[in-house]
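K.L.:
this one's sequence-less:
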DNA sequence: CCCTTCTGAGACTTCTTTGTCTCATACAAT
DNA sequence: ATTGTATGAGACAAAGAAGTCTCAGAAGGG
């Protein structure tokens, strides 16, 4: 038996399955493994060979989603920029991953490393909120939990609006920042 | 053995089933009919007597959710008030029904009258947005679809924050209006 | 070309959910 | 008390999904 046997020697099928699961479960969280295999263009047996059960696949999908989001944020957000600019860059990075995001939102992941990754994301967001307040971009009297909740929802809203063609992809990030910080009101 | 079985009234079971389904499916959309019956304090056979199948129960739940939301809005919102005040009153009426709301959000309802009710709700919201713009409470350059999406998400966010004890119920509606129109920014 | 590994298809079992049916019983109205 | 209706419990079958196994064939490296 080869050394990297458990990792799967042919990454194509494994990756196709994960992708199919993300796209399918983003829309229909109850989709069966048969449907996932079909969408992935892969036999049902192959799916079971790579992922020992639904739970395992679920955890792997969650792990990959978090990884992708972490990488996207890391590539786009400049840690030395202002909090407001970091917020904008974060939206820019994350909104295109809206389907991944919504998946993580709905599923309670059992795997420990995935859960840890999720906590890390929340901590990152909480730190950003705290910086925003420190730099005067956020009103201090607003509960931080409320802000984090708004950011959370903005990502999903923006993605679905873009996916539905009602908002241009290029405008999404700025619209998110504006909505969060300045609101949609006329003049004050 | 059921909680409200002492009264012995017949329609109780039907109502208990619908309530249980709303509360259960708001959290776990895939919950089985056995779980619904158990939560309702009702035999599984009784559930099938009242609702001929899962679809029927689903449609009935959707119908009742829409009805409750329509009534709540009708009771709370003064049609002659300003658009901004109507927006606030709408949040006040709808946020406590967040679980109902989220249920409607996730399920694509097949029944025609329920679908019509949903369209009516969307139309009402669109009209409100248009009035807000006319009265200068909303920036004209913001896409209306974006505003409607934000309102939609605010209801659910506010409800979950209130349900999680992170925001006081009394503050929720004002916080929603402020978030939508003025944003959460510091000073400007 | 040969050999190992991975794959697809299908048969098969098990488990859960759904839906139907029966029967004894509790309750309400008369 | 009697009568009719709703209910709860449980047995039962049908359907779907999960999971396992086998076997023939394709893919890729040597």
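P.N.:
Received it, and whenever you're ready, just let me know what you need. Please read these numbers as outputs of a predicted model, since none were measured by experiment.

K.L.:
CA only for contacts and neighbour counts going forward, please
P.N.:
Will do.

K.L.:
And the helix or strand of chain A at the bottom of the mean pLDDT ranking, how far out from the chain middle?
P.N.:
Scoring the helices and strands of chain A by mean pLDDT, DSSP states H and E places helix A:98-106 at the bottom, with a mean of 82. Counting by C-alpha atoms, centre = their mean, to the nearest Å, helix A:98-106 is centred 5 Å from the centre of its parent chain.

K.L.:
now do stretch A:129-147
P.N.:
Chain-centre distance of stretch A:129-147: 22 Å, with C-alpha atoms, centre = their mean.

K.L.:
for stretch A:135-151, same thing?
P.N.:
Counting by C-alpha atoms, centre = their mean, stretch A:135-151 comes out at 21 Å from the chain centroid.

K.L.:
now swap in stretch A:121-132 and tell me
P.N.:
How far stretch A:121-132 lies from its chain's middle: 16 Å, per C-alpha atoms, centre = their mean.

K.L.:
what about the residue in chain A that chain B sits nearest to, helix or strand, and which?
P.N.:
The minimum distance from chain A to chain B, using C-alpha to the nearest C-alpha, falls at residue A:183 (3.5 Å). Following DSSP states H and E, one finds residue A:183 outside all helices and strands.

K.L.:
Need phi/psi at it.
P.N.:
Backbone geometry at residue A:183, expressed as degrees, to the nearest 10, gives phi 80, psi 180.

K.L.:
Could you find the closest non-adjacent residue to residue A:79?
P.N.:
What sits nearest to residue A:79 in space, not counting adjacent residues and going by C-alpha to C-alpha, 6 or more residues apart in numbering or on different chains, is residue A:86, at 7.2 Å.

K.L.:
In contact with the one you found, which residues are there?
P.N.:
A:77-79, A:128 (C-alpha atoms under 8 Å, 6 or more residues apart in numbering or on different chains).

K.L.:
Mind giving me the packing neighbours of the least confident helix or strand of chain A?
P.N.:
helix A:11-27, helix A:54-76, helix A:144-163 (3 or more C-alpha pairs under 8 Å, 6 or more residues apart in numbering or on different chains; DSSP states H and E).

K.L.:
Now render those as CSV, adding distance to residue A:136 and mean neighbour count.
P.N.:
As requested, the helices and strands packed on helix A:98-106 are arranged in CSV below (distance: least, C-alpha to C-alpha, whole Å; neighbours: other C-alpha atoms under 10 Å in any protein chain shown):
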stretch, distance to residue A:136, mean neighbour count
helix A:11-27, 36, 18
helix A:54-76, 23, 18
helix A:144-163, 14, 20
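
K.L.:
need the ones you listed in CSV with mean pLDDT and distance to DNA strand C, can you?
P.N.:
What follows is these, written out as CSV (pLDDT from 0 to 100; distance: least, C-alpha to the nearest atom of the strand, whole Å):
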stretch, mean pLDDT, distance to DNA strand C
helix A:11-27, 91, 4
helix A:54-76, 93, 13
helix A:144-163, 92, 28
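
K.L.:
Reformat the ones you listed as TSV; add distance to residue B:32.
P.N.:
Formatted as TSV, those follow (distance: least, C-alpha to C-alpha, whole Å):
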stretch	distance to residue B:32
helix A:11-27	19
helix A:54-76	18
helix A:144-163	28
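
K.L.:
Near residue A:92, how many other residues are there?
P.N.:
23 (other C-alpha atoms under 10 Å in any protein chain shown).

K.L.:
host element of it?
P.N.:
Element membership for residue A:92 (DSSP H and E) is helix A:83-94.

K.L.:
what is the orientation angle of that helix with helix A:54-76?
P.N.:
130 degrees (axes from the mean of the first three to the mean of the last three C-alpha atoms, to 10 degrees).

K.L.:
OK, contacts around the closest residue to residue A:21 other than its chain neighbours?
P.N.:
Among residues not flanking residue A:21 along the chain, residue A:36 sits closest, at 5.5 Å (C-alpha to C-alpha, 6+ apart). By C-alpha under 8 Å, 6+ apart, the contact set of residue A:36 is A:17, A:20-21, A:24.

K.L.:
redo that, cut-off 10 Å
P.N.:
A:16-25, A:42-44, A:47 (C-alpha atoms under 10 Å, 6 or more residues apart in numbering or on different chains).

K.L.:
now do residue A:121
P.N.:
Residues near residue A:121 by C-alpha under 10 Å, 6+ apart: A:66, A:69-70, A:115, A:127.
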